[in-house]
Structures are given as structure tokens and as C-alpha cells.
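**Q** My questions concern the predicted model and sequence given below.
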Amino acid sequence: MNDKVSRPLDLFSPTYAIARSKFLGAASARGLALASHVLDMPSAEGETLAMDVVLDGPADASKMLIVLSGVHGVEGFCGSAVQTGLLAEGAPAHADTAVLHVHAINPYGFSHLRRVTQENVDLNRNFVDFAKPLPVNAGYAEIHDWLLPITWPPGADAEAGLAAYAARHGARGLQRAISLGQYERADGMFFGGHAPTWSNLTFRSVLKRYTPKVRQLASVDIHTGLGPRGHGERIFASFDAAVLPRARQWWGELTDVHTGSSTSIPMTGPIQTALFEECPQAEQIGICLEYGTYPSDRIIPALRAEHWLHRRGTPDPLLARQIKRDLKEAFYPDADDWKHDIWRQGREACLQAIKGLQTDCPVEA
């Protein structure tokens with residue numbers, strides 16, 4: 001793959017509608033087939049909402065890289081830019097390797113500047129077995145009313161309650177209580193849902209269509225919001241610990257939510273569950289690429305405010321617009337240097353995965 005993107009900033013977009021147009025345009029310019037799974041719901045600007053899928057490479061490839069964007073809606077701007085740039089450059093030619101781009105897995109959140117789906121579900125908490133007892137997050141139940149008080153900005157009592165919880169359980173304990181995932185408060189934060197969402201079911205259908213012949217599957221799932229500004233943390237995202245040494249050969253230093261080395265924490269029902277459940281024939285190796293934006297003391301208040309706005313509403317249009325602007329900025333900083341970092345690291349991580357696939361042989365069963 002030659003770097004044909006001379007102006008990386010042109011890959012980035014101010015809205016979902018423009019981001020989708022650029023992604024579709026890059027696929028069309030290459031003559032690649034597109035499959036659009038339309039979500040029949042109102043969008044922010046009257047545009048079509050869709051999970052768009054483009055395969056770059058042979059349909060019968062036994063090795064595949066899947067690049068995911070927009071699992072968390074508003075975080076989709078960066079993943080979309082990386083996907084658009086990769087399509088513009090073209091995957092390195094190889095008779096047995098393909099790249100599958102799944103764009104805007106949560107198109108509703110991407111369009112409406114929400115991190116969650118139209119069901120108010122955090123998609124990375126939704127891939128659980130709903131036929132079994134759901135995970136319980138007692139910590140969230142304790143802090144819910146402080147996180148989302150009746151009025152905004154929150155009063156001193158709400159902030160004192162959260163501070164007291166952090167004093168008892170530590171900052172990591174508070175992070176876990178907030179973001180582990182919860183299944184009781186449908187109007188709350190990090191809600192995992194009561195059933196599989198449209199995005200969950202649609203993504204599974206995409207995997208069933210494109211991966212039956214794949215024997216070695218890599219994935220790069222692009223997110224924003226945690227860690228140092230502009231740094232793309234590479235978080236090990238495979239359920240099989242046996243592939244960790246090879247993942248490190250591909251991508252270098254990796255963090256792991258289960259060892260405490262990551263800025264993220266273990267979560268209930270991540271989207272990687274679908275990869276393992278729908279592609280059991282494939283050996284899998286993957287990462288989440290988590291780009292830092294601002295410190296958590298800016299991210300969490302922005303998330304709280306947006307959830308409060310969705311839950312309560314406000315007669316103040318200025319406040320509503322400011323809350324939406326703050327959330328977008330929290331996950332998609334409007335800074336050229338930051339965007340250059342996103343493209344450079346995203347491109348590198350995907351090229352490393354493609355190279356790894358082309359040089360490695362799958363482990364025989």
C-alpha cells in the first residue's frame with residue numbers, strides 16, 4: 001500500500017452525513033461493491049442512516065482484516081477517516097487477504113452525536129446472552145442518581161456523593177461502577193440493553209455473509225476518549241490469550257484490560273463477542289485502538305450532561321447546543337495535529353495487521 005493520501009485532514013468530517021459521503025465516495029472511486037444496511041429512523045440532518053460495508057480484496061480470501069468504526073456513535077469520526085483513507089490507498093494486493101470495512105456500526109449515535117444507540121444502549125455492553133441472568137453492577141445502582149441528577153449542572157450533593165464513592169473505592173473503582181455496564185436502568189449510563197440491538201443483529205448478519213471462508217481473522221476496532229491526547233493505545237481484544245505473543249509481534253506494545261495495564265476496564269458484552277460467536281472457524285487476533293482526547297474529568301462530565309439532556313430535556317436551547325458541542329469535542333477534538341496523529345497511527349495499525357496476516361500461518365486445529 002502506497003500512501004496516496006497527501007492531505008490527511010481531508011479524510012475527516014464535521015458531520016456523519018459528510019463522513020458517510022466521503023467513505024462511499026472512496027469505495028466508489030475504487031469500484032468496490034457496497035452493502036448498505038439502512039436504519040429506518042430520523043437522522044440529525046435528514047440523511048440516510050446506515051451501517052455500510054465494503055470489501056477490499058478477494059471474496060474468497062481465507063485471511064481478513066475487519067476495521068470497525070462508530071461502535072460508540074460520536075466516536076465514529078476518527079474511525080471513518082481511517083477507513084476512508086485506507087480505501088483511497090487500497091489494500092496491499094494479495095490473492096488470499098481481504099479487508100472488510102464496517103462503517104458506522106451505530107449510525108444513529110454517529111448522526112445525533114450520542115455515544116449510545118437509538119435504544120440508549122452502549123453497544124459494547126450489548127453482546128451478552130440475554131437468555132441467561134444478566135450481569136449485576138451494584139456500584140452503578142448506588143451512584144445513578146448522583147450521575148444523572150434532576151437538574152443540570154449537578155448540585156454539590158451529587159458531586160459530594162460521587163467523591164465519597166471514589167474515596168471509598170478509589171478512582172478506578174468509580175470508573176468501574178460507572179462504565180462496567182448495567183442492565184437495570186434503561187435511561188441510565190452505560191446501559192447494556194434488555195435484548196440485542198439493531199446494530200448487534202445487523203453486525204452479526206454482516207459477519208455471517210462475509211466470513212464463512214475466513215480461517216485467520218484480524219480486527220481493529222477504533223475508539224476515542226481514553227488516555228493521553230493523540231495517543232492510540234493498542235488494547236489486546238482477543239479472547240484467546242494464546243495469540244497475545246503474536247499480537248505483540250504485529251503491533252508492538254499492547255495493553256490488556258484484564259491485567260490493569262489499560263486505561264479501559266473489563267466490560268460486559270463487547271462487540272468482539274460477535275466475532276468469536278459468528279466466526280468460530282477462524283483463528284482471531286485483534287485490538288481496540290483507543291485514541292486519547294482529554295482528561296477523564298472532562299470526558300465523564302460531558303457524557304453525564306448529554307445523558308441528562310436526553311433523559312430530562314431542557315427549555316434552554318443554548319444549554320442543549322452547548323452540551324452537544326461539549327460531547328462532540330470530548331470525543332472528536334477539532335485540532336489538526338490531533339487528526340494527523342489519528343490517521344498516522346490508524347493507518348499504521350491496519351498495515352501491521354495486513355502484514356501479519358500475509359506472513360503468518362493460522363494455527364492448525
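**A** Yes, it's here.
**Q** Just the C-alpha atoms of stretch 79-94, please, in PDB.
**A** C-alpha atoms of stretch 79-94 as PDB (Å, rounded to 0.1, in the frame of the first residue of the first chain):
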ATOM      1  CA  GLY A  79     -12.700   5.500  12.600                       C
ATOM      2  CA  SER A  80     -14.500   6.800   9.500                       C
ATOM      3  CA  ALA A  81     -11.500   8.900   8.500                       C
ATOM      4  CA  VAL A  82      -9.100   6.000   8.800                       C
ATOM      5  CA  GLN A  83     -11.400   3.700   6.800                       C
ATOM      6  CA  THR A  84     -11.800   6.400   4.100                       C
ATOM      7  CA  GLY A  85      -8.000   6.800   3.800                       C
ATOM      8  CA  LEU A  86      -7.400   3.100   3.700                       C
ATOM      9  CA  LEU A  87      -9.900   2.800   0.900                       C
ATOM     10  CA  ALA A  88      -8.300   5.700  -1.000                       C
ATOM     11  CA  GLU A  89      -4.900   3.900  -0.800                       C
ATOM     12  CA  GLY A  90      -6.100   0.400  -1.500                       C
ATOM     13  CA  ALA A  91      -5.200  -2.700   0.400                       C
ATOM     14  CA  PRO A  92      -1.900  -4.300  -0.400                       C
ATOM     15  CA  ALA A  93      -2.600  -6.800  -3.200                       C
ATOM     16  CA  HIS A  94      -2.600 -10.400  -2.100                       C
END
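**Q** That stretch: which residues count as buried?
**A** Buried residues in stretch 79-94, counted by 16 or more other Cβ atoms under 10 Å: 79-91. In this view, the C-beta of every residue, glycine as well, is placed from N, C-alpha and C.
**Q** mean confidence score for it?
**A** Averaging pLDDT along stretch 79-94 yields 92.
**Q** Report the distance from stretch 18-37 to the chain centre.
**A** Distance, stretch centre to chain centre, for stretch 18-37: 20 Å (Cα atoms, centre = their mean, to the nearest Å).
**Q** what does that stretch rub up against?
**A** Under the criterion Cβ atoms under 8 Å, 6 or more residues apart in numbering, residues 11, 13, 47-48, 50-56, 76-77, 80-81, 83-85, 87-88, 90, 101, 103-104, 110, 202, 205-206, 209 lie in contact with stretch 18-37.
**Q** buried residues in it?
**A** Buried-residue list, stretch 18-37, by 16+ other Cβ under 10 Å: 19-20, 22-24, 26-27, 37.
**Q** which one of those is nearest residue 7?
**A** residue 22 (12.2 Å; Cβ to Cβ).
**Q** hang on, the closest one is in a strand, isn't it?
**A** No: read with DSSP: H, G, I helix; E, B strand; the rest coil, residue 22 is helix and lies in no strand.
**Q** quick one: the strands in the stretch 151-300 of the chain?
**A** Applying DSSP state E, counting those that start in this stretch to the stretch 151-300 of the chain gives strands spanning 216-229, 232-236, 283-292.
**Q** what's the last one packed up against?
**A** It stands for strand 283-292. strand 216-229, strand 232-236, helix 244-251, helix 272-278, helix 336-359 (3 or more Cβ pairs under 8 Å, 6 or more residues apart in numbering; DSSP states H and E).
**Q** got the ones you listed as TSV, with mean neighbour count and mean pLDDT columns?
**A** Formatted as TSV, the helices and strands packed on strand 283-292 follow (neighbours: other Cβ atoms under 10 Å; pLDDT from 0 to 100):
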stretch	mean neighbour count	mean pLDDT
strand 216-229	23	97
strand 232-236	23	97
helix 244-251	16	96
helix 272-278	18	98
helix 336-359	18	97
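**Q** nearest to residue 71, of the ones you listed?
**A** Among the helices and strands packed on strand 283-292, the nearest to residue 71 by Cβ to Cβ is strand 216-229 (6.5 Å).
**Q** Alpha carbons only: can I get that closest one in CSV?
**A** Taking C-alpha atoms only, strand 216-229 is exported to CSV below (Å, rounded to 0.1, in the frame of the first residue of the first chain):
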residue,chain,number,x,y,z
GLN,A,216,-7.5,-16.2,10.1
LEU,A,217,-9.3,-13.1,11.2
ALA,A,218,-7.7,-9.8,12.5
SER,A,219,-9.7,-6.8,13.7
VAL,A,220,-9.0,-3.2,14.5
ASP,A,221,-11.9,-1.5,16.4
ILE,A,222,-11.4,2.3,16.6
HIS,A,223,-12.5,4.3,19.6
THR,A,224,-11.7,7.7,21.2
GLY,A,225,-11.9,9.2,24.7
LEU,A,226,-9.4,7.4,27.0
GLY,A,227,-5.7,8.1,27.5
PRO,A,228,-3.2,10.8,26.6
ARG,A,229,-4.1,13.2,23.9
